[in-house]
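> Would you be able to build a 3D model of this:
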Amino acid sequence: MKLPGCSAAQIAPVTVIADVVFSGSMDGHLRGYDARDGAVVWDFDTVREFKTVNGIEARGGSFNATGPTAVDGMLFVESGYGGIRGNALLAFSVDGE
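Numbers count the residues shown, from 1 in each chain. Reported below is the predicted structural model:
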C-alpha cells in the first residue's frame, strides 16, 4: 500500500559524518549513503509509532524541511513534515543507546 505523499524524493538538507551522507526522504526513510559511491549503508523507516521519553504519542513521517544534526556522537532528526505527517524527534547513536 502506497501512502499519500510517499515518495523517495530527497528534498531535505543532508548531513555528512565521516564518509557517510545522511539524507531523509519524503517516504519517511532516513538513509546513510557511502560518500564515495552512493551505496546505501544504513536505512531506517520512521513511518511508525515511537515510545517517547515524555509519554506523548509520537509518529514519524516525511523529511522535507530540516536535515539531521550531529552533536557529540548523536544524530538528531525531526520526522513528520508535509507528505506523511508526524511529530517525532529521533536520536540515534553509534552504539544504539
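> residue ranges with poor pLDDT in the chain?
Filtered on pLDDT under 70, the chain yields the residue ranges 1-8, 96-97.
> Please enumerate the helices of this structure.
Listed in chain order, the helices found in the chain under DSSP state H amount to none.
> And the residue nearest the centre of the chain?
In the chain, the C-alpha nearest the mean C-alpha coordinate belongs to Leu30, at 3.3 Å (CA atoms, centre = their mean).
> Distance check, that residue against Val41.
Taking CB to CB, to the nearest Å as the measure, Leu30 falls 12 Å from Val41. Backbone N, C-alpha and C define where each C-beta goes, glycine included.
> Look up how far Ser79 lies from the nearest residue to Arg59 once chain neighbours are set aside.
With CB to CB, 6 or more residues apart in numbering as the criterion, Arg59 has its nearest non-adjacent residue at 4.6 Å, and that residue is Gly86. If you measure Gly86 against Ser79 using CB to CB, the figure is 5 Å.
> So which of the two has more stuff around it?
When Gly86 is set against Ser79 and neighbours are counted by other CB atoms under 10 Å, the residue ahead is Ser79, at 26 against 21.
> how deep is Arg36 tucked in, by neighbour count?
Other residues lying near Arg36 total 7 when counted by other CB under 10 Å.
> Kindly apply the preceding question to Val21 instead.
Close neighbours of Val21, defined as other CB under 10 Å, add up to 17.
> Do I have it right that Val40 meets Ser25?
No. In this structure, Val40 is not within contact of Ser25 by CB atoms under 8 Å, at 11.3 Å.
> ok so, going back, quick one: the residue nearest to the centre of the chain and Thr15, what's the gap?
10 Å.
> repeat for Ser62
Remark: distance between Ser62 and Thr15 (CB to CB) = 17 Å.
> Equivalent analysis for Ser93, please.
The gap separating Ser93 from Thr15 is 15 Å, by CB to CB.
> Of the two, which one has the most company?
The residue with more neighbours, out of Ser93 and Thr15 and counting by other CB under 10 Å, is Thr15; that gives 18 against 10.
> Alright, I will stop here.
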